[in-house]
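**Q** Structure for the following, please:
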Amino acid sequence: MRVTAFMDVPGQDNLPPLTRLEKYAFSENTFNRQIIARGLLDIFRDFSNNEEDFLTVMEIVVRLSEDAEPTVRTELMEQIPPIAIFLQENRSNFPVVLSEYLIPIVVRYLTDPNHQVRKSTQEVLLILLEQDLIFQHDVENTVCPILLQLSALDSDDEYKAEAVSIICKMASMLSKSTVEHLLLPRFCELCGDRKLFQVRKVCAANFGDICHAVGQEATEKFLIPKFFELCSDAVWGMRKACAECFTAVSHSSSPEVRRTQLSPLFIRLVSDPCRWVRQAAFQSLGPFISTFANPSRADLYLGEDGALSIWPLTQDVDSGFASGSPTPSSGGSTSSASLTSSTKPVQMEPELPEEGTSAKTSNLSPVSSSDGLMENPVESSVLAGAELTRLSPEASAFSKLSDIHDLPVSSHPGSDSWACPGNAEDLFSDFLYWRTPLPDISEDLELFLSEAGPQEDDCGRPKTVHNSCVARSEIQKVLESLQEHMLNDPDVQAQVQVLSAALRAAQLDSVNETESKPTAGLNEVSISDPSSASDNQITLSASSSHNELSVARILQSTDPGEPRNGTSDHLEMAQRQDPTPLEENKSKLQDIIPQPLLDQYVSMTDPARAQTVDTDIATHCAYSLPGVALTLGRQNWHCLKDTYETLASDVQWKVRRTLAFSIHELAVILGDQLTAADLVPIFNGFLKDLDEVRIGVLKHLYDFLKLLHEDKRRDYLYQLQEFVVTDNSRNWRFRYELAEQLILILDLYSPNDVYDYLMHIALKLCADKVSEVRWISFKLVVAILQKFYSNSESALGLNFINELIIRFRHCSKWVGRQAFAFICQAVVSKECIPVDQFVEHLLPSLLSLASDPVPNVRVLLAKALRQVLLEKAYFRNAGNPHLEVVEETILALQSDRDQDVSFFATLEPKRRNIIDTTVLEKQN
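**A** Below is the predicted model of the structure:
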C-alpha cells in the first residue's frame, strides 16, 4: 500500500492532483507533511510520465525541504537515496534533476542546526557516494567545498568534527586525484589541529584509509610526517588510534620506509607509558610484522580463494638455490655443500637507538663484493655452521671442522677487532666495556719471531711453548681479576667458565708440546694490529678452537666509545643462559624483519606482559603467529619454535583453541619435515585437550593429515575413534563435524584401512541420537561404498553391504529401517556401486520394506523408487527382469492406506526438461 494513499480517496475534494499534493505538503498539520515527505518516491513515480508535472513536484520538494520541523526534514532526507536510484534508472528523462535539486538539499542539510538532520544527511551522502549516484563534477564543485568550509580551523568545533569524519569516510569512495588535490591538504592540517583533540583522534583512527586512497608516493611525502606527530601526541587516545591503524599505514608504504621509519616508531608505541597504547600496539604487532612478507622468499602465496598455496618449483628456483640463493626446500634439509657455497649475506637488523643516543649501524652488515661473495669469510662460515648445526649432527661436526678450523681470522684491538661484521655479540660486552684494555703484545711477538726466524725448523717448539705461556699468563691474570665480581654478576660467571676451560686446554697443549713435536695439521689464526692484517700467525689446537675463540673475545680490547648495539643485548641475554651458544645465537638472527620487532613479538608469551599490558595478549600472539611465520619463512622457524610451544601449553584454553584452528595453515608454511618434527607432537596434545580446543583440530583435520607422510598419517587411524567421545554428549555438532571430515579423509587412506578403522566409526555415527548427525553419516556410508568399488575392492564392499543390511534393514527401530531406505536411495543417485551389484545385494532388501508397519519407512521407500530408481536408464529398459518387481511394489504403495505413502508413490518426478519446454511455449 502506498504511503500517500489517503490522497487518492475519492470525494474528499475536487482539487487536481498537483494542487492536492501542494495542499498536504504545506499543511499546518505536521503529520501531513511527514507523510508527504515519507511518500516522495511514490509521488515521483506517479508524476514521472509528464516532465512538466515532474518538475513541479520537484519544486514542491525543494520548498518542503525548508520546513521548520526537524522531523519533516529528516523524513525528507531519508527518501533521497531511493529517489536518486529512481532518477538514475530514468536518467534519459531526468538528466539533471539530481544535480540541480537534490544535491543542493543534501549540501544545505550538512549545516542544519538540528543534530539528527545532520546525522541523517551524512549517512545519505555516504550512501550516494558508495553507490556512485553523484557525478564527479558535483563532488568536486559542490560537496567538497562545503566540507572544506566546515573543516576549516576557525569553524565551529562540532561541525569541524563531523566534517573531518565525512572526509575520512568518503576518501575511499573518491578518485585518487580528487582526494590528493582537494582533501589531502586539509586532512594534513587537521592532523595538527591543537584546538580540538577529537579532530585529531578522528584523523588518527582513519589514517590508514587516507593512506590507501592517496597511494604510496603521497603517503610517504605528506602523511608519514603527520603520522609521526600523531604517534607522539600528548593524548594517549591519539597514540592508541595510531597503533590500531599501523598495519594499514604500513601496507601503503614502501619496504624501505616500513623498515627504517615505521619500525622504530612502532617500537616506541610498544614501549608507551600508557597501558592502553601498549595493548593496542601489541595487538597490531603480528599484523604489522606480516606486512614484511615476501612471497618469493617464503615460497608461498595466497590464492584467489584465500587459501595458502606453495609456489611450484621451477628450474630457475632450483638453479638459484644451487648458486647460493636462500630458497627454502620443501623438506627443510639441505646438503652441506649447498649451504657452505651459499654466498648471500645475512643482513642483521640493528636495535633502534634510544633517545639521546646514536647507534652506529654501518658496520653491522657484511659488505658484499661485486661478484656477490662475502668479503668476510668468517661471517659466511659461521652462519653456514649455525645452519648446519640445526640440520643434523653430521652437519654440526662438519661445521666445526670447516668453519673455524680452516679459516684465518683477522683480529686486532679496536672497532674492527675479532668480531665479524654483523656479529652483534662481539661488538659489546658488559665486562670488556669497563675494564682497562690489555696491552698489545703483537710488536714484541713480531720481534721475537724475527729473531728466531733463521732457526725456524729447530725452534718450532720454543715458539709454541712461549705462545702457550703468554696465553696462560694472560688468562690467569683475567681470572684473578674476576674472582671478586663472580658471585654478583651472572655474565662474569659465564666468562669465568669459558676462561677456565681455555686455561685447562692451554695447560694440556703445553704438556703435549713438551712430549711430541708439533704436527702439520694445526690451524692458523692470525692476530695482527690495525696496520697489518696478516703479518703474524700463531698456532692454535683444533681440539680447543671453540674455547680459544671465546677467550679471544674476552681478552680482546673494545673501544669504550662504541655504542651498544641492540641486537647484542638480545644475544647476550641468550648467552647468559648458555655459556657456549655461538651457533645457537647465530641461528636466532634473521634478516626478514627488524630484530626488535621479533623480540617484542616473542615477549608476548611472557607472563609479565599479561599483568602489565593485557590479559589476552597471548591470544593475540597466537592469532597472528601463522602470519608472522609466513613472513619469516620456514628457514627462520627456529625463531618462533619456542614461542609456539609456549603458547601450545598455555593455561588458557582459548589460546590453545586459536592455535588449533590455525595449525593446518602453519603446516603448509613449514613443510612436511618441520611439521612432522615440531607440529605433530603439539597436534597430538590438542587431540587430547578440551572439546573447545579439539574442535579447532577437527574442523581442519583433513587439511593437516594430507600434509603428513603416509606412514605418519596411518598413526592417526586409531586416534580418530577418540573424536566420537566428547566431554558433553549434547555437543552433537562435534560429531557432525567428524562425519564431514571423514568424508574427505577417505581419500587419504587405502580401502583396507578404511574397512578396518573408519567403517566402524561411520556405523557408530549412523546410530547417533541426533538426526542431523545420522543424515550426514549416511552420506559417509555412501562415500565408503564408493571408495571400495572405485578401487576394485568388491569383497570389502560386499562385506560392508551385508553389515548395512544386518544393522539397518533388520533393525528393531523404524529409524534404522528408514536409514536403510535413504542409503539405498543415495547409492542409486550417486551411482557409487555397479548396478548389477545393487540389484543383487541391496534391491531385494529395499523392496521388502514395502510391508513395513511404519508409514515413515514406506514414504521414504516410495520416494526412492519413484523419484530415483525408475529415473535410471537401467530400470527404464523394457527388457529389464527387475523392472516388473519394482513396478509391482510401486503399485502396492500407490494403494497404501496412508495418504502420504500413496501420494509420493503416485507423484511424478520433477524433470528439468518439462520446465524448459513450458518456458519455451510461453515465449513463442
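**Q** And for residue 636, the neighbour number?
**A** Residue 636: 24 surrounding residues under other C-beta atoms under 10 Å. Glycine gets a C-beta too; all of them are placed from N, C-alpha and C.
**Q** and residue 268, how far is that from residue 281?
**A** For residue 268, the distance to residue 281 (C-beta to C-beta, to the nearest Å) stands at 9 Å.
**Q** The two: who's more crowded?
**A** residue 281 (27 against 16).
**Q** Pretty sure that one sits against residue 274.
**A** No. Residue 281 lies out of contact with residue 274 (C-beta atoms under 8 Å); the separation is 10.0 Å.
**Q** For residue 178, identify the helix or strand it belongs to.
**A** Using DSSP states H and E, residue 178 falls within helix 176-178.
**Q** Now do that helix: which elements does it pack against?
**A** Applying 3 or more C-beta pairs under 8 Å, 6 or more residues apart in numbering; DSSP states H and E, we find helix 176-178 packed against helix 207-218.
**Q** Show me what the helix it packs on is packed against.
**A** helix 157-170, helix 176-178, helix 184-191, helix 246-251.
**Q** shaky segments in the stretch 151-300 of the chain?
**A** 298-300 (pLDDT under 70).
**Q** one more time with 80
**A** 295-300 (pLDDT under 80).
**Q** dump the residue contacts of residue 702.
**A** Contacts of residue 702 were listed using C-beta atoms under 8 Å, 6 or more residues apart in numbering, and they are 741, 744, 745, 748.
**Q** what's the answer for residue 603, then?
**A** residue 609.
**Q** ok, 10 Å please
**A** 270, 282, 285, 609, 613, 617, 621, 643 (C-beta atoms under 10 Å, 6 or more residues apart in numbering).
**Q** among those, which are in strands?
**A** Counting by DSSP state E, no part of the contacts of residue 603 is found in strands.
**Q** For those residues, give me a markdown table that also has distance to residue 667.
**A** As requested, the contacts of residue 603 are exported to a markdown table (distance: C-beta to C-beta, whole Å):
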| residue | distance to residue 667 |
| --- | --- |
| 270 | 30 |
| 282 | 26 |
| 285 | 23 |
| 609 | 27 |
| 613 | 30 |
| 617 | 25 |
| 621 | 19 |
| 643 | 17 |
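**Q** Select only the buried ones of those residues in PyMOL?
**A** Entered in PyMOL, the line below selects the buried ones among these, by 16 or more other C-beta atoms under 10 Å:
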select buried, resi 270+282+285+609+613+617+621+643
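**Q** shouldn't residue 273 be in contact with residue 236?
**A** Yes. If you go by C-beta atoms under 10 Å, residue 273 and residue 236 touch, sitting 8.4 Å apart.
**Q** the more surrounded of these two?
**A** residue 236 (15 against 8).
**Q** With adjacent residues omitted, what lies nearest to the more buried one?
**A** For residue 236, ignoring the flanking residues on the chain, the nearest one in space by C-beta to C-beta, 6 or more residues apart in numbering is residue 274 at 4.0 Å.
**Q** cool, residue 592 as well?
**A** Nearest to residue 592 is residue 632, by C-beta to C-beta, 6+ apart, at 5.2 Å.
**Q** follow-up on the earlier one: in TSV, list the helices and strands packed on helix 207-218 along with mean neighbour count.
**A** Formatted as TSV, the helices and strands packed on helix 207-218 follow (neighbours: other C-beta atoms under 10 Å):
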stretch	mean neighbour count
helix 157-170	20
helix 176-178	14
helix 184-191	19
helix 246-251	21
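**Q** Select, out of these, the one closest to residue 664.
**A** Closest of the helices and strands packed on helix 207-218 to residue 664 is helix 246-251, at 23.9 Å (criterion: C-beta to C-beta).
**Q** list the helices and strands that closest one packs on?
**A** If you count contacts as 3 or more C-beta pairs under 10 Å, 6 or more residues apart in numbering; DSSP states H and E, helix 246-251 packs onto helix 207-218, helix 224-231, helix 263-270, helix 275-290.
**Q** try it again with 8 Å
**A** helix 207-218, helix 275-290.
**Q** looking at these, which is buried most?
**A** helix 275-290 (a mean of 22; mean count of other C-beta atoms under 10 Å).
**Q** And the next helix or strand past that one?
**A** Criterion used, DSSP H and E; the element after helix 275-290 is helix 295-298.
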